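Novice: Pasting the sequence and the predicted coordinates here, then a few questions.
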Amino acid sequence: MAAQLVFLESPQGDEIKEVAATAEALSPLLAAGWHQVPAPAKHETVVMAPKEEK
Amino acid sequence: MANVNELMNGWGFGRQGTITSPSISTPNTAATIWRHTNLNTKPWAKVPVNEDDRAEIGKGHEFPTQLFKSHYNMPTYEISKYASSEFLAWAMAFSLGNVVLTGTGPYTYVVVPALGATNPTGLELPYFSFVQQIRPGGSAVLDEILLGCAIKGWKLSIKNSPGRASAMCSVECVTTGQYTSPSAITLPAVATPHEFNAGMISALTVNGVNYLTGGSGKQFVSMDASWENNFRPGFFPGSGTQDGYQIQGRFEWGDRAFAIQFVVRVQSGSTEYANLINQTTGTATITFTRDVNNSFTMTIQKMGFNVVELGNTDGIATLQITGVQLYDPTNGLLTVTVVTPQNGICQ
């Protein structure tokens, strides 16, 4: 089963990274001061209407 | 008159608000408070302290003539429980501070000690509120919510004995002195935690030695792990008052200490002495697995041995080993992973 993903913010607050939620992946980042944040707001998806064929 | 068996304890599994100065603390709401049993049978005492003027001259004698309100000297309080996925997740999250929560049930908590330089709340750990009640309602014997509580430390003990007592966790808590009475909290029913016992240990490797299988498979006797946050006193200008008594307005960790001691049976070829003399270091992993929804893993990233002492445990020759947990430059000190059905711990 694929590991879940989680968003971490850098200690400086200038970067958000999506990381596999495993102890192996998280330990170095958390130890370096990264911390969990909610998923950043996603861009709104705009659905383009297809052009009518003449 | 009330029997102490009527004492009900509930506390925040989620965070309460941060403490602002002067000490204004937003308590947990009932939605983020659980109720658990406690092997510590005492209520959390509130100890307001008065002082007097005996040291002041000018009264014509050496005797005190007047009382003054001083401060709330709140003692530490122990929550002592059999180890469970819920309680261990709570204890680790609130005592170490850097928590990652994932999942939709069961929930996975990955926890490491926060660093002061990067922790969003500096040297302060998450706070929770603590409710204690005896016959709450119109004629309550006791009904109060203590605000601004934090975990000072914990002890996790694993023994080769039967039953729940083979895996115990006790947590030492502190509180500011701020409280509200009556609490206005209706406690939920007592939670039924998913408890572990020593028979559920599914991984136990220390410094290259696997104590579950192979030549060392039956050698492990017991382990005591502890964490201490060594909080600094939280009285400061603007820390706040309760009933006219000064209260603490923060708990900042001091020099934190992580200690491990364990006992193994000695046998021919035991490598513990060699690991001490050669200053060998390695990871240490302890895992409890109850089922797919309840597990606990503590990974000590780099452990060496400080003392290895030959002794006797119930007539068996044993080695008592005191570990030294070194800070690994990549992975830090320790990582705790807990899987539990309880959502929202330390959130």
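Specialist: Ah, there it is. All figures in this text were calculated on a predicted structure; none of them were measured in a lab. Residues are numbered from 1 along each chain as shown, chains lettered A, B, ... in the order given.
Novice: Low-confidence ranges, chain A, go.
Specialist: Scanning chain A for pLDDT under 70 picks out A:1-2, A:42-54.
Novice: how about the residues of it that lie near chain B?
Specialist: A:4, A:6, A:8, A:11, A:21-23, A:26-28, A:30-36 (C-beta under 8 Å from any C-beta of the partner chain). Bear in mind the C-beta positions are built from the backbone N, C-alpha and C, glycine included.
Novice: Now a ChimeraX select for only the buried ones of the residues you listed.
Specialist: ChimeraX command restricting the residues of chain A next to chain B to the buried ones, with burial defined by 16 or more other C-beta atoms under 10 Å in any protein chain shown:
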select /A:6,8,11,21,23,26,27,28,30,31,32,33,34,35,36
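Novice: if you look at the residues of chain A next to chain B, which of them are in strands?
Specialist: Using DSSP state E, A:Val6, A:Leu8, A:His35, A:Gln36 are the members of those that sit in strands.
Novice: Please identify which pair of these lies farthest apart.
Specialist: Farthest apart among these by C-beta to C-beta are A:Val6 and A:His35. That separation is 10.6 Å.
Novice: Now list whatever residues contact both of these two.
Specialist: By C-beta atoms under 8 Å, 6 or more residues apart in numbering or on different chains, A:Val6 and A:His35 have these common neighbours: B:Val100.
Novice: How about stretch B:276-288 and chain A, any contact?
Specialist: No - contact of stretch B:276-288 with chain A (C-beta under 8 Å from any C-beta) is absent, the minimum separation being 10.0 Å.
Novice: first vs last residue of that stretch, how far apart are they?
Specialist: From its first residue to its last, stretch B:276-288 covers 27 Å (C-alpha to C-alpha, to the nearest Å).
Novice: for the residue nearest the centre of chain A, which residues make a bridge with it?
Specialist: With distances taken as C-alpha atoms, centre = their mean, the residue of chain A nearest its centroid is A:Glu18 (3.7 Å). With DSSP bridges applied, A:Glu18 shows beta-bridge pairing to A:Phe7.
Novice: who's in contact with it?
Specialist: A:Glu18 touches A:Leu5, A:Val6, A:Phe7, counting by C-beta under 8 Å, 6+ apart.
Novice: rerun at 10 Å
Specialist: Counting by C-beta atoms under 10 Å, 6 or more residues apart in numbering or on different chains, A:Glu18 touches A:Leu5, A:Val6, A:Phe7, A:Leu8, A:Ala39, A:Pro40.
Novice: mind checking how far it is from chain B?
Specialist: Remark: distance between A:Glu18 and chain B (C-beta to the nearest C-beta, to the nearest Å) = 12 Å.
Novice: quick revisit: can you tell me which of the contacts of A:Glu18 lies nearest to chain B?
Specialist: A:Val6 (5.2 Å; C-beta to the nearest C-beta).
Novice: ok, and the closest non-adjacent residue to that closest one?
Specialist: Of all residues not flanking A:Val6 in the chain, A:Ala21 sits nearest, at 4.5 Å (C-beta to C-beta, 6 or more residues apart in numbering or on different chains).
Novice: what's the spacing between that neighbour and A:Leu5?
Specialist: 6 Å (C-beta to C-beta, to the nearest Å).
Novice: which neighbours do the two share?
Specialist: The contact sets of A:Ala21 and A:Leu5 overlap at B:Thr102 (C-beta under 10 Å, 6+ apart).
Novice: my guess is B:Val49 contacts B:His71, does it?
Specialist: Yes - between B:Val49 and B:His71 there is a contact at 5.7 Å, judged by C-beta atoms under 10 Å.
Novice: pLDDT at the closest residue to B:Ala83 other than its chain neighbours, what is it?
Specialist: Sequence neighbours aside, B:Ala167 is the residue nearest to B:Ala83 in space, at 4.1 Å (criterion: C-beta to C-beta, 6+ apart). Turning to B:Ala167, the model gives it a pLDDT of 97.
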